[in-house]
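# got a predicted model here, sequence first, then my questions.
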Amino acid sequence: MVIDRLQAFLGYPYISDTGIKLYSPTIAEIAAMGYLDYMIHLQLSLFDKSKILLELFRINFEKYESLKDENDYDVLIQNQAIRDYIAKSLSVFVKDTVEFDENRLAFYVGEVEFINKNNYTKISSAIQELNAIVDAANPNPKFKNGKAKEILDKLNHYRNQHKQKDSLDLKDILSILCAADGNGINVFNVHQLTIYQAYEHFERTIVKDKYQRLLPVWANGYLQENAQLPEWISKTKF
């Protein structure tokens with residue numbers, strides 16, 4: 001993990017090696033920009049060429065195949081429009097203006113270098129973690145041919161559609177946090193949470209709720225054989 005978990009839990013920014021502060025956006029900030037725009041800014045800030053080129057810019061798969069073995073950073077900064085979009089998106093998480101320097105091939109905040117080819121993966125990981133993405137750091141699978149990639153893309157598309165229909169959205173998660181007992185979160189202050197804090201609190205709420213529901217079952221001896229009472233005093237994944 002790149003970020004300091006305690007600092008993120010308390011809402012403090014991550015500070016890069018060059019002194020640039022990266023923030024986990026608050027719920028109020030996400031609501032103001034719109035959740036869809038937030039997700040687009042997040043995707044552009046992660047320097048994943050497959051997701052940016054295929055999912056956001058919808059380039060054809062054959063064209064992407066010619067770029068798939070090249071470095072993500074090198075590919076993305078070749079196009080002025082894409083790097084301008086990336087700079088604008090990075091500005092959301094820095095809360096300052098980010099610009100690309102064509103001569104030095106790096107992103108800058110004022111006169112301070114922020115992201116270059118050597119550190120973009122570290123900054124990307126920090127942004128993922130600040131935005132409660134726990135599995136995005138997994139490496140993309142390699143494919144022997146385009147057909148295998150196409151099949152997996154179709155499967156993932158179906159899974160994502162199914163997940164979107166059945167899973168909770170951010171509003172539902174916030175509503176659950178407001179309804180949960182004893183955490184001090186309500187509709188009047190939930191907007192002050194960062195997205196990291198919201199998901200971290202939600203994970204803890206789920207584990208604690210499961211514990212509280214199973215406790216009477218366990219106490220009365222009705223818990224299934226070999227089943228254990230879940231421990232809610234445990235480490236979260238965030």
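Structure's in. What do you need? Residues are numbered from 1 along each chain as shown.
# do a quick rundown of the helices in the protein.
Using DSSP state H, the helices of the chain run over 5-9, 27-33, 35-44, 49-50, 61-65, 72-77, 80-94, 120-130, 146-166, 170-179, 195-219.
# including mean neighbour count and mean pLDDT, could those helices go into a markdown table?
C-beta here means a position set from N, CA and C on the backbone, and glycine is covered the same way. Converted to a markdown table, these look like this (neighbours: other CB atoms under 10 Å; pLDDT from 0 to 100):
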| stretch | mean neighbour count | mean pLDDT |
| --- | --- | --- |
| helix 5-9 | 15 | 97 |
| helix 27-33 | 16 | 98 |
| helix 35-44 | 16 | 97 |
| helix 49-50 | 18 | 95 |
| helix 61-65 | 12 | 88 |
| helix 72-77 | 20 | 98 |
| helix 80-94 | 18 | 98 |
| helix 120-130 | 21 | 98 |
| helix 146-166 | 11 | 51 |
| helix 170-179 | 16 | 96 |
| helix 195-219 | 17 | 76 |
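# how is this structure divided into domains?
Domain segmentation of the chain under automatic domain parsing yields 5-136, 138-167, 170-219.
# quick one: closest of those to Thr236.
Across those, Thr236 has its closest neighbour in domain 170-219 (5.0 Å, CB to CB).
# any idea which residue sits dead centre in this protein?
Ile133 (3.5 Å; CA atoms, centre = their mean).
# in contact with it, which residues?
With contact set as CB atoms under 8 Å, 6 or more residues apart in numbering, Ile133 has these partners: Leu42.
# and it, how far is that from Phe238?
To Phe238, Ile133 is 10 Å away according to CB to CB, to the nearest Å.
# likewise for Ile206?
For Ile206 relative to Phe238 (CB to CB), the value is 12 Å.
# now Thr205
Applying CB to CB to Thr205 and Phe238 gives a distance of 13 Å.
# equivalent analysis for Tyr14, please.
As judged by CB to CB, Tyr14 and Phe238 stand 13 Å apart.
# shared neighbours of these two, anything?
The contact sets of Tyr14 and Phe238 overlap at Ala8, Glu129 (CB under 8 Å, 6+ apart).
# what about the nearest residue to Thr26 once chain neighbours are set aside, how many neighbours?
Nearest residue to Thr26, sequence neighbours excluded (CB to CB, 6 or more residues apart in numbering): Thr194, at 5.4 Å. Thr194: 25 surrounding residues under other CB atoms under 10 Å.
# hmm, Leu22 and Thr194 touching each other?
No. Contact criterion CB atoms under 8 Å: Thr194 and Leu22 do not qualify, at 11.6 Å.
# what's near enough to touch the residue nearest to Glu70 when sequence neighbours are not counted?
Nearest non-adjacent residue to Glu70, counting by CB to CB, 6+ apart: Lys49, 8.0 Å away. Taking CB under 8 Å, 6+ apart, we find Lys49 in contact with Leu67, Lys68, Glu70, Asp72, Val75, Leu76.
# farthest pair in the residues you listed?
Using CB to CB, the two most remote members of the contacts of Lys49 are Lys68 and Leu76, lying 13.0 Å apart.
# look up how far Pro25 lies from Asn186.
Distance of Asn186 to Pro25, given as CB to CB: 20 Å.
# just want to know which of the two has more residues nearby.
Comparing Asn186 with Pro25 by other CB under 10 Å, the one with more neighbours is Pro25, at 21 against 10.
# so the residue nearest to that one when sequence neighbours are not counted versus Gln128, what's the distance?
The shortest distance from Pro25 to any non-neighbouring residue, by CB to CB, 6+ apart, is to Ile195 (5.6 Å). Using CB to CB, Ile195 is found at 12 Å from Gln128.
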